[in-house]
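> The following block contains a protein sequence and its predicted model.
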Amino acid sequence: MNSTPADIQKTPADIQELLEIETIKGIMARYARFGETADWASFRKLFTEDFTYRADAGPRASADASPVIAVEGRDAFVDAMENLLDGVVAVHQIALPEVTLTSPTTSRAVWAIHDYIKSPGVGNFKGWGHITQEYVKIDGEWKIRSSHTTRTLVEEEWPS
């Protein structure tokens, strides 16, 4: 039997879940936009104070530097991003959200990512992969509690 939109019955709980998922999608859109536009005050508001970040392969300052980035704490992360992105062009394409509400106040999402970082002094970084994030709802507002970026492909161009 084929269902049409008129056949689908939504309960208030289903609708609330969809609204929560859409809210979380908006957080990720702002995550990309605030980082790319260097709106660090707005960017900072997206995270819990105990936020943790890890990237298995991130932009590097030099070809012999470690590609692993690990930061604990919202303020340390935002400060690191502000320093990393100072004077560079950053573009993030984030799509294909898989958002799961794990409780009324927690959720998890996996996002596909393609990012491009163009740095005049260091070179170019292109990455493709996934971001896995954990969220928590505090005082009625969703915040990112942790973020882990894995990459399936990285291309780096270093100046000669």
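Thanks, I have the structure now. Numbers count the residues shown, from 1 in each chain.
> Pull out the buried positions in the helix or strand Ser146 falls within.
Using DSSP states H and E, Ser146 sits within strand 141-157. Using 16 or more other C-beta atoms under 10 Å as the test for burial, strand 141-157 gives Trp142, Lys143, Ile144, Arg145, Ser146, Ser147, His148, Thr149, Arg151, Val154, Glu156. Just so you know, the C-beta spots here come from the backbone N, C-alpha and C atoms, and that holds for glycine as well.
> Would you reformat these as TSV and include distance to Val110 and pLDDT?
Below are these laid out as TSV (distance: C-beta to C-beta, whole Å; pLDDT from 0 to 100):
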residue	distance to Val110	pLDDT
Trp142	16	98
Lys143	18	98
Ile144	13	98
Arg145	15	98
Ser146	13	98
Ser147	11	98
His148	10	98
Thr149	11	97
Arg151	14	96
Val154	19	95
Glu156	24	92
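> Among these, which one lies nearest to Ile15?
Distance to Ile15 across the buried residues of strand 141-157 (C-beta to C-beta) is lowest for Trp142, with 16.9 Å.
> got any ranges where this structure has weak pLDDT?
1-8, 10, 121 (pLDDT under 70).
> Thank you kindly, that will do.
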